[in-house]
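Q: turn this into a model:
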Amino acid sequence: PEQVTAALLAHLPATSGMRVRREVLGDAHVDRAAARTTGFTRDFQDFITRYAWGEIWTRPGLDRRTRSCITLTALVARGHLDELAMHVRAALRNGLTPDEIGEVLLQSAVYCGVPAANAAFAVAQRVLTETAEETP
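A: Okay, the predicted model is just below:
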């Protein structure tokens, strides 16, 4: 019984993490990531799903909109532009408006630097344009 309980508890973050990951990033993105997973990257994908999505994004202390604002700012600060594009889409899915995303990026200019925010605005503009074109 203890081994079964331990196995079930170990499985919960992965299950809830995959559910949240799909809700925030969308099925298409998660399916592409799964299709690109190799033996070399499998443990990393599991790590992301269990801990980022299953342990952090599921915590009750902040709503998803707030988590998206924090994530956008962190990605701007570190210059992770590919991840920023993915999380601009996620922020929209989490209910942020384009104007709110712009406000997050504008504030990031003060704390992360104007060049970082400039690059982030370019990425966000591209994503917002693509998203508008995808919407019927």
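
Q: buried residues in the helix or strand containing residue 66?
A: Taking DSSP states H and E as the definition, residue 66 sits inside helix 64-78. Using 16 or more other CB atoms under 10 Å as the test for burial, helix 64-78 gives 64, 67-69, 71-73, 75-76. C-betas here are computed from N, CA, C, even on glycine.

Q: could you dump those into a markdown table with pLDDT added?
A: Formatted as a markdown table, these follow (pLDDT from 0 to 100):
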| residue | pLDDT |
| --- | --- |
| 64 | 98 |
| 67 | 98 |
| 68 | 99 |
| 69 | 99 |
| 71 | 98 |
| 72 | 99 |
| 73 | 99 |
| 75 | 99 |
| 76 | 99 |
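
Q: domains of the protein?
A: 1-59, 62-136 (automatic domain parsing).

Q: how many neighbours does the nearest residue to residue 33 once chain neighbours are set aside have?
A: Closest residue in space to residue 33, ignoring its immediate chain neighbours: residue 45 at 6.6 Å, by CB to CB, 6 or more residues apart in numbering. Residue 45 has 16 neighbouring residues, counting by other CB atoms under 10 Å.

Q: before we move on, what about residue 18?
A: There are 16 residues near residue 18, going by other CB under 10 Å.
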